[in-house]
Each structure stands twice: as structure tokens, then as C-alpha cells.
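S.K.: below are the sequence and a predicted model for it; my questions follow.
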Amino acid sequence: MTDLILGIETSCDDTSVALVERDGTVVAASTASQAALHTRYGGVYPEMASRAHIDKILPTVRMVLDDSGVDPRGLRAIGVTRGPGLIGSLMVGVSTAVGLGQGWDVPVLGINHLRGHLRSADLEERRVDYPATILLVSGGHTFLARMTDPGTITLLGSTVDDSVGEAYDKVARMLGLGYPGGPAVDRLAATGSPVFPFPRPMLRDGLDFSFSGLKSAVERFLAAEPDAPPADVAASFVAACLEVLVAKCRRALAADRSECLVIVGGVAASPQLREAAGELCASAGVRLSLPPLRWSTDNGAMIGLATWDYLANGQAPPALATTSLSIESF
Ligand code: KG4
Ligand code: ZN
């Protein structure tokens with residue numbers, strides 16, 4: 001038996017596969033990005049995403065197996081994202097995993113995508129000390145949680161409307177920057193100044209977030225002032241997002257002792273957020289743990305590591321068919 005798990009992730013627009021050891025070492029990984037396919041729509045086109053997964057999934061699995069020279073019949077398990085995500089995209093990953101598992105006689109476990117993100121900072125080398133306060137900022141979700149160990153997650157607060165990644169993508173579309181919007185907004189923001197006073201929704205209240213009002217404020221502002229310098233608009237938007245994210249993290253850290261603050265999900269790739277989080281942690285006397293950039297956005301390695309948690313605990317994961325998609329169903 002090879003002590004490896006094959007992680008498969010197809011919840012959105014990345015077809016990603018990895019072979020992962022129990023300690024988070026990634027033996028081989030490959031991601032086929034569909035960004036070029038969706039950029040002209042300013043967002044992910046679900047029907048095209050699932051068709052592209054069908055084209056890419058087996059070659060991506062093959063590449064990872066060839067790179068590593070691993071015999072798949074000896075794998076400990078296959079872990080596959082079962083949700084949340086685009087249903088057509090998820091079905092490609094799940095049906096492929098079930099087929100491969102049957103052919104290789106290897107068990108298949110269905111993994112919650114968010115649980116994967118929450119484990120991404122432990123990939124490659126052990127980076128998280130528990131208990132940890134964890135901020136998840138992705139295209140689909142924004143929430144704060146507390147983890148007392150890798151398997152025990154308590155939700156502290158989440159967005160009441162849009163995710164911060166969605167706001168980045170929508171603002172990118174308003175500014176004509178294409179998809180995915182986050183990196184483009186960051187790059188433009190770095191050349192501008194945060195001179196426009198966009199709202200900081202729910203800044204003073206608890207640990208929940210709201211980004212829909214900020215997104216609409218940028219839209220209204222651009223309609224009223226179409227000649228405003230785009231770089232200053234982007235910088236003002238990013239400043240508003242960061243102030244809210246940092247304030248909520250500071251509040252969560254003050255409420256309970258944490259060894260470290262962990263930030264995961266696609267928006268954790270933002271250099272501005274990384275810098276602001278570094279300053280917060282230095283002032284709060286808490287270690288900052290961030291996944292390497294390639295494990296911040298969607299990837300099969302984080303799904304592989306989350307699969308190990310179930311095997312290590314001897315705990316049965318939710319059934320593959322239980323596509324309960326809420327974050328309560330971790
Ligand atoms: O975690 P992820 O890859 O997929 C979801 O689970 O949603 O996150 C995707 C999100 C998108 O909204 C994308 O614009 C954002 O992460 N993103 C970034 C950066 N890279 C990706 N946002 C800000 N700065 C970045 N560098
Ligand atoms: Zn994700």
C-alpha cells in the first residue's frame with residue numbers, strides 16, 4: 001500500500017489533482033485553469049466549466065500519476081470535493097472519482113470544499129498551531145472560524161450576503177479588468193491611492209461580514225463619476241475590504257486565545273491582505289499562517305489533506321451522495 005491520498009477538486013473552474021501524504025507533503029500536483037475560457041464573460045460560465053472539466057480531468061489525473069510514478073491501485077483513498085460548488089462541475093469530479101475508485105479498488109471519500117480550504121495552510125510543512133483563528137476569504141464564502149485541532153471547527157461569523165471574492169470580481173468587471181478579478185484589482189490598486197470614502201459595512205458589529213453594499217457603492221460611484229481614475233477606485237475599494245477584514249480578525253483574536261491567525265481561500269493570495277494581516281499579527285502578538293500562494297486558490301492538495309483527517313480519526317466522512325452544501329455541514 002502507498003501511503004498517499006489522491007485529492008480531486010472540480011467545484012468551480014479549476015480542474016486540480018494532487019497526491020498528498022499524511023503530514024501534508026505534496027508528492028505531485030497539477031491544476032488545469034479555465035481562467036482564459038471565462039474571462040470574456042467576466043465570471044465563471046457554469047455550463048462551459050463542467051464541459052472543460054470533462055476534457056481536463058483524466059489528463060490531469062494521468063499527469064500526477066506519471067510525475068510521481070505511483071501505482072494508483074495502492075492508494076489509501078481518493079478524496080473528492082462533494083460541495084459546495086457548481087453542481088455540474090462537482091458531478092464531473094465525483095463521477096470520475098467513483099469510476100477510478102471502482103477500477104482501482106480504492107475507497108472514495110466526499111469532502112467539503114471549505115474544509116479543504118481550512119486545511120490548506122498545513123500543506124507542505126506544518127504551519128498552523130492550534131487553537132487557531134481562521135479567516136476564509138474565497139469567491140464563494142467569507143467567514144471566521146475557530147479551530148481547536150484540524151478536525152474541530154466552530155463558526156464565529158460569516159457574510160450575510162456576498163463574499164469578499166465576489167465583490168472583487170464584480171468590481172473588476174465594473175472596471176473592465178476581466179476574470180478572475182482579484183489579482184487584477186490588486187495590481188491596479190497598487191498603483192492608485194485610497195482617496196474615495198467607500199463604506200465599511202458592519203465594521204463595528206460583531207464577527208459577521210457584508211460586502212454587497214460596498215459593491216453597490218462602487219457601482220453607484222462609477223455611474224456618477226465615470227472619469228474617476230480607475231486605480232484610485234480600485235485602491236479605495238481594496239482599502240475598504242481590508243479595513244473590515246482586519247477589524248473582524250482583530251476582534252476574533254481579542255475574544256479568545258489563539259496561537260495563530262490563519263487566512264485561506266483565493267483572496268488570501270492578495271499581497272495587500274497578506275501585508276495588512278502581518279501588521280495585525282505583529283501588534284496582537286500572534287503568529288500568522290498563510291498557505292503558499294498555489295494552495296490559496298482552489299486545489300486538489302487541500303482536498304487530499306482534508307481526506308486524511310477522516311482516515312486519521314477513524315471517522316466516517318459524510319456520504320458522497322449527501323450533497324448538503326452549507327458550511328454547517330463541515
Ligand atoms: O478559493 P478560490 O480559488 O475559489 C472559491 O472557492 O471561490 O477563490 C477565488 C476568488 C476569486 O474571487 C478571485 O478573484 C479571488 O479569489 N482571488 C484574489 C486573488 N487571487 C484570487 N483576490 C484578491 N487578490 C488576489 N491576488
Ligand atoms: Zn475554493
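M.R.: Sure, I can see it. Ligands and ions are numbered 1, 2, ... in the order given.

S.K.: contacts and neighbour counts: CA atoms only from here.
M.R.: Will do.

S.K.: burial count for residue 89?
M.R.: Per other CA atoms under 10 Å, the neighbour tally for residue 89 reads 28.

S.K.: helix or strand for the closest residue to it other than its chain neighbours, which one?
M.R.: Spatial nearest neighbour of residue 89, chain neighbours left out: residue 50 (4.4 Å); criterion: CA to CA, 6 or more residues apart in numbering. Using DSSP states H and E, residue 50 sits within helix 46-68.

S.K.: so which bits of that helix are buried?
M.R.: 46, 48-50, 52-54, 56-57, 60-61, 63-65 (16 or more other CA atoms under 10 Å).

S.K.: stretch 235-246 too?
M.R.: Within stretch 235-246, the residues that qualify as buried are 235, 236, 237, 238, 239, 240, 241, 242, 244, 245, 246, counting by 16+ other CA under 10 Å.

S.K.: quick one: residues in contact with that stretch.
M.R.: Under the contact criterion CA atoms under 8 Å, 6 or more residues apart in numbering, stretch 235-246 has outside partners 164, 185-186, 188-203, 209, 214, 218, 272-273, 276-277, 280.

S.K.: wait, does the helix or strand of the chain with the lowest mean pLDDT contact ligand 1?
M.R.: Across the helices and strands of the chain, the lowest-confidence element by mean pLDDT, DSSP states H and E is helix 35-38, at a mean of 84. No. Using CA under 6 Å from any ligand atom, helix 35-38 stays clear of ligand 1, with a minimum separation of 10.4 Å.

S.K.: can you show me the CA trace of that helix as CSV?
M.R.: Presented in CSV, the C-alpha positions along helix 35-38 are these (Å, rounded to 0.1, in the frame of the first residue of the first chain):
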residue,chain,number,x,y,z
ALA,A,35,-9.5,31.3,-16.5
ALA,A,36,-8.9,32.1,-20.2
LEU,A,37,-12.2,30.4,-21.1
HIS,A,38,-14.3,32.5,-18.7
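
S.K.: in the chain, where is pLDDT below threshold?
M.R.: Along the chain, segments meeting pLDDT under 70 span 1, 316-330.

S.K.: please redo it, this time with the cut-off set to 80
M.R.: When residues are selected by pLDDT under 80, those of the chain lie in 1-2, 39-43, 125-126, 151, 312-330.

S.K.: residues from it in reach of ligand 1?
M.R.: Looking at ligand 1, the residues of the chain close enough under CA under 6 Å from any ligand atom are 138-140, 165-166, 168-169, 180-183, 186, 265-267, 269-270, 297-298.

S.K.: mind listing what's buried in stretch 89-103?
M.R.: Buried, per 16+ other CA under 10 Å, within stretch 89-103: 89, 90, 91, 92, 93, 94, 96, 97, 98, 100, 101.

S.K.: need the residues that contact stretch 201-212.
M.R.: Contacts for stretch 201-212 (CA under 8 Å, 6+ apart): 142-144, 156-164, 167, 213-214, 244, 247-248, 251-252.

S.K.: what's the answer for stretch 276-296, then?
M.R.: With CA under 8 Å, 6+ apart, stretch 276-296 has contacts from 117, 120-123, 127-128, 242, 246, 250, 253, 258-269, 301-302.
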